[in-house]
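Q: take a look and give me a structure for this.
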Amino acid sequence: MTKFKEELSGVFPVFQTPFNEDESIDYQILDKEIDWLFQRGADGVVMAMVSETLRLASEERDELASKVCAMSQNRGPVIVSVGAESTHNAIRHAKHAEQSGASAIMAIPPVSVALSESELLSYYISILRSVEIPLIIQDASGYVGRPLSINIQAKLLQDFGANRVMFKPEAVPIGQNLSALREATEGQARVFEGSGGISLVDSFRRGIVGTMPGAEIIDAQVALWDALNRKDTTQIYKISFPISSLVALQTGLDGFLAVEKYLLMKQGIFRNTIVRSPVGYILDNETKKEVDRLFEILSDVIKETVK
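A: Numbers count the residues shown, from 1 in each chain. Modelled structure (predicted):
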């Protein structure tokens, strides 16, 4: 399967995984979602935590990665999350992703145990040595696990180079950590923003190459990224304010899942909002009403922008 060789940059939405009523993956709707994302201007797609990778069986993760790579062929790069609780499983997922045609892989550290810096380095080095495609180091400690030190991240880039090691820092404070990583790598670090868009404006000005938001407001994320590149300050804040208000309602990983699937169904992409249990966030009616209001405001802004 053909892999994209272009430099990874731009808007890479993390797709949501649609489920049938029996909680099996609905590949018909997934194909519709991937098609919709590329039609709306996505530069590539990502399979990661809000794709519910941590709630999928190992075989399901591999099948999902293969299907998405096939659906995206000749349309844009695919980045596949391979992080696991064991180095063995992470390597297995990494090799499968590369064989399936992924342009890059991404990995969070194991989340069930506190690891020393030497163990974390060994984990990431083993993954890197198992494949030839780039690895994006994801510090997802804003949601799960513990923060990765800047030293570990800088060491990996120094040893493997900026074309093999990239970053998605989500530990708070995001902006300060991004700048610290930039300084520690002498400006070589290629960084993707991963806050859902709430920190995109600040992160862009600190020097990022792309963003990995959710899939549900792809029009707005693409419009904001374009405005940032044009340095159109008026449009930047007109778009970013409602995005930030909407993302602020999505507390925790399950909050992202609930709101994103709700909006995908609202737009006719998904048939339902099924999330695999157990879940730690319920989208109640009052929150739905606020999501609807903010989505309407954001939609009106985007309509004005594209006139």
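Q: so which bits of the longest helix seen in the chain are buried?
A: Within the chain, and with DSSP state H defining each element, the longest helix by residue count is helix 285-305. Under the neighbour-count criterion of 16 or more other C-beta atoms under 10 Å, helix 285-305 has 287, 291, 294-295, 298, 301-302, 305 buried. (Glycine included, C-beta is placed from N, CA and C.)
Q: for it, packing partners?
A: helix 218-230, helix 233-248, helix 252-266 (3 or more C-beta pairs under 8 Å, 6 or more residues apart in numbering; DSSP states H and E).
Q: ok, so of the buried residues of helix 285-305, who is nearest P77?
A: Relative to P77, the closest of the buried residues of helix 285-305 is I302; by C-beta to C-beta it sits at 24.6 Å.
Q: my guess is the closest one contacts I239. True?
A: Yes: between I302 and I239 there is a contact under C-beta atoms under 8 Å: 7.3 Å.
Q: tell me, what's touching these two both at once?
A: Applying C-beta atoms under 8 Å, 6 or more residues apart in numbering, one finds that I302 and I239 are jointly contacted by 220, 223.
Q: so what's the nearest residue to L257 once chain neighbours are set aside up against?
A: Nearest non-adjacent residue to L257, counting by C-beta to C-beta, 6 or more residues apart in numbering: V275, 4.9 Å away. Applying C-beta under 8 Å, 6+ apart, we find V275 in contact with 19, 52, 254, 257-258, 261.
Q: which helix or which strand is home to V275?
A: Using DSSP states H and E, V275 sits in no helix or strand.
Q: distance check, it against D254.
A: 7 Å (C-beta to C-beta, to the nearest Å).
Q: likewise E186?
A: In terms of C-beta to C-beta, E186 sits 38 Å off from D254.
Q: more neighbours: those two, which one.
A: D254 (19 against 10; other C-beta atoms under 10 Å).
Q: hmm, back to that, now the helices and strands packed on helix 285-305 as TSV including distance to G196 and mean pLDDT?
A: Formatted as TSV, the helices and strands packed on helix 285-305 follow (distance: least, C-beta to C-beta, whole Å; pLDDT from 0 to 100):
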stretch	distance to G196	mean pLDDT
helix 218-230	9	98
helix 233-248	4	97
helix 252-266	7	96
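Q: out of these, which is closest to L121?
A: Judging those by C-beta to C-beta, what sits closest to L121 is helix 252-266, at 25.9 Å.
Q: the closest one to helix 233-248, inter-axis angle?
A: 110 degrees (axes from the mean of the first three to the mean of the last three C-alpha atoms, to 10 degrees).
Q: and the pLDDT for the residue nearest to L257?
A: In this model, V275 is scored at 98, pLDDT.
Q: now do M47
A: Turning to M47, the model gives it a pLDDT of 98.
Q: if you go through the stretch 101-250 of the chain in chain order, where are the helices?
A: Along the stretch 101-250 of the chain, the stretches classed as helices by DSSP state H, counting those that start in this stretch are 117-130, 150-160, 174-184, 200-207, 218-230, 233-248.
Q: could you dump these to a markdown table with distance to K266?
A: Conversion of the helices of the stretch 101-250 of the chain to a markdown table gives the following (distance: least, C-beta to C-beta, whole Å):
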| stretch | distance to K266 |
| --- | --- |
| helix 117-130 | 37 |
| helix 150-160 | 38 |
| helix 174-184 | 28 |
| helix 200-207 | 23 |
| helix 218-230 | 13 |
| helix 233-248 | 12 |
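Q: what does stretch 51-65 contact?
A: 14-17, 25, 30, 47, 78, 80-81, 89, 92-93, 96-97, 100, 102, 144, 257, 275-276.
Q: pull out the buried residues from the residues you listed.
A: 14-17, 25, 30, 47, 78, 80-81, 92-93, 96-97, 100, 102, 144, 257, 275.
Q: low-confidence ranges in this protein?
A: Low-confidence segments of the chain (pLDDT under 70): 1-6, 142, 307.
Q: can we see that at 80?
A: The chain contains residues with pLDDT under 80 at 1-7, 141-146, 306-307.
Q: buried set for stretch 260-276?
A: Buried, per 16+ other C-beta under 10 Å, within stretch 260-276: 260-265, 269-271, 273-275.
Q: isn't Y281 right next to Y262, touching?
A: No: Y281 lies out of contact with Y262 (C-beta under 8 Å); the separation is 11.4 Å.
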